[in-house]
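Q: the following block contains a protein sequence and its predicted model.
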Amino acid sequence: MGSVRFVDSKEVIEEILSEKKAVVFKHSTRCPVSSSAKNHFDSFVNESDTDASLYLIDVIMMRDMSMEFAARTGVDHQSPQLLVLIDGEVVYKASHYGINADDIVKALD
């Protein structure tokens, strides 16, 4: 079971981009679709034994960090959104109802 770090600065974004493997979930606390997608992310976090670093961006409280992350990765901002990065490159992205725990595992393999 992994521990999720909140993205609250540009330094954390730099850290994500330097990780061997990272999973980033963008979440809106005001959106029911995002709550459903977060359940899949939480299942992945709680049930996997991944060696990937795990991050969460609260797009309401940290909108500027969400937009910065979008600019740095070249992936248009959406919420909810999940990205898997390997060596700083986005290798998988999903949004809304397309987010599920099984696909996260496959993207990391």
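A: Nice, thanks for sending it over.
Q: going by C-alpha atoms from here, please, whenever you check contacts or count neighbours.
A: Fine.
Q: for the residue nearest the centre of the chain, helix, strand, or coil?
A: In the chain, the residue lying closest to the centroid (CA atoms, centre = their mean) is Val24, at 1.6 Å. Three-state assignment for Val24 (DSSP: H, G, I helix; E, B strand; the rest coil): strand.
Q: buried set for whichever strand or helix holds Ser36?
A: Assigned by DSSP states H and E, Ser36 falls within helix 32-47. Across helix 32-47, burial judged by 16 or more other CA atoms under 10 Å covers Val33, Ser34, Ser35, Ala37, Lys38, His40, Phe41, Asp42, Phe44, Val45.
Q: pLDDT of that helix, averaged?
A: Helix 32-47 shows a mean pLDDT of 93.
Q: circling back: if I look at the residue nearest to the centre of the chain, how far off is Ala101?
A: 13 Å (CA to CA, to the nearest Å).
Q: low-scoring stretches of the protein, by residue?
A: 1-2 (pLDDT under 70).
Q: how about the strands in it?
A: 4-6, 21-27, 53-58, 81-86, 89-95 (DSSP state E).
Q: which strands and helices lie in contact with the first one?
A: What it means is strand 4-6. Contacts defined by 3 or more CA pairs under 8 Å, 6 or more residues apart in numbering; DSSP states H and E place strand 4-6 against strand 53-58.
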